[in-house]
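**Q** everything below, folded, please.
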Amino acid sequence: MTDSITQGLRGAGDRARGMSKVFQGFKDFIARGNAIELAVGVVIGAAFTGVVAAIQEGFISPLIAAIFGEPDLTAVGVFVINGATFSIGLILNALLQFLITAAALYFVIILPLNALAARRKRGEEEEPKAPAEDILLLQEIRDLLAARPSPAVLNDAGTPPTFPPGSTPPAPPTV
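**A** From the prediction side, this is the model:
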């Protein structure tokens, strides 16, 4: 083969190996707890939005219709000055939606979780005794493994620094 074809094939192989590092970095990013917790929060938030909308449509709107004769407050307090339309009801409707959402969050999620935390605190047990020697060793191993850089960091930084046995890496700088 010619030199240009050989170099082209060699470069393609290098790029293919680099792609595996890119995918490893992506895998590390997705596997972080923050990304997963955020996704779960978005899904739960969307489901909760449905609950709040059902409360609005099934209870609040009929209650407003019974009081004001309209299904919502957008038609209440509308007036025109020099061709400009003002709608106090639109503002009141948005405020009411906000208060309904906040109240639903508080009474359905926050209040029960606070009550659960208070019950747990009342039944709090004594402080546990010092961990056994094997647990301390396992915790030390865990901490050492956590201090190692991930494959994505290694990909970005090159080869990792080495430390003599028994020493620990320096603490990261504080920002």
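**Q** when you work out contacts or count neighbours from here on, use the C-alpha atoms and nothing else.
**A** Will do.
**Q** burial measure for Ala47, as a count.
**A** Taking other Cα atoms under 10 Å as the criterion, the count of residues near Ala47 is 11.
**Q** repeat that for Leu73.
**A** Taking other Cα under 10 Å as the criterion, the count of residues near Leu73 is 22.
**Q** with adjacent residues omitted, what lies nearest to it?
**A** Nearest residue to Leu73 in three dimensions, chain neighbours excluded: Gly89, at 4.6 Å (Cα to Cα, 6 or more residues apart in numbering).
**Q** so which strand or helix has the one you found?
**A** Under the assignment given by DSSP states H and E, the secondary-structure element containing Gly89 is helix 88-105.
**Q** I'd like the next helix or strand past that helix.
**A** Toward the C-terminus, helix 88-105 is succeeded by helix 111-122 as the next helix or strand (DSSP H and E).
**Q** and that following helix, what's its mean pLDDT?
**A** This predicted structure assigns helix 111-122 an average pLDDT of 83.
**Q** neighbouring contacts of it?
**A** Residues external to helix 111-122 that are found in contact with it (Cα atoms under 8 Å, 6 or more residues apart in numbering): none.
**Q** which pLDDT value belongs to Met1?
**A** Met1 is assigned 55 on the pLDDT scale.
**Q** and Ala54, by the same measure?
**A** Ala54 is assigned 85 on the pLDDT scale.
**Q** now it: how far from Ile60?
**A** Computed as Cα to Cα, to the nearest Å, the Ala54 to Ile60 distance reads 9 Å.
**Q** neighbour-wise, which of these two wins?
**A** The residue with more neighbours, out of Ala54 and Ile60, is Ile60; 18 against 12, by other Cα under 10 Å.
**Q** would you map the strands across the chain?
**A** Taking DSSP state E as the criterion, the chain contains strands spanning 78-81, 84-87.
**Q** nearest to Gly25, out of these?
**A** If you check each of the strands of the chain against Gly25 by Cα to Cα, strand 84-87 wins as the nearest, at 52.3 Å.
**Q** give me the contacts around the closest one.
**A** The set of residues that contact strand 84-87 without belonging to it, under Cα under 8 Å, 6+ apart, is Thr74, Ala75, Val76, Gly77, Val78, Phe79, Val80.
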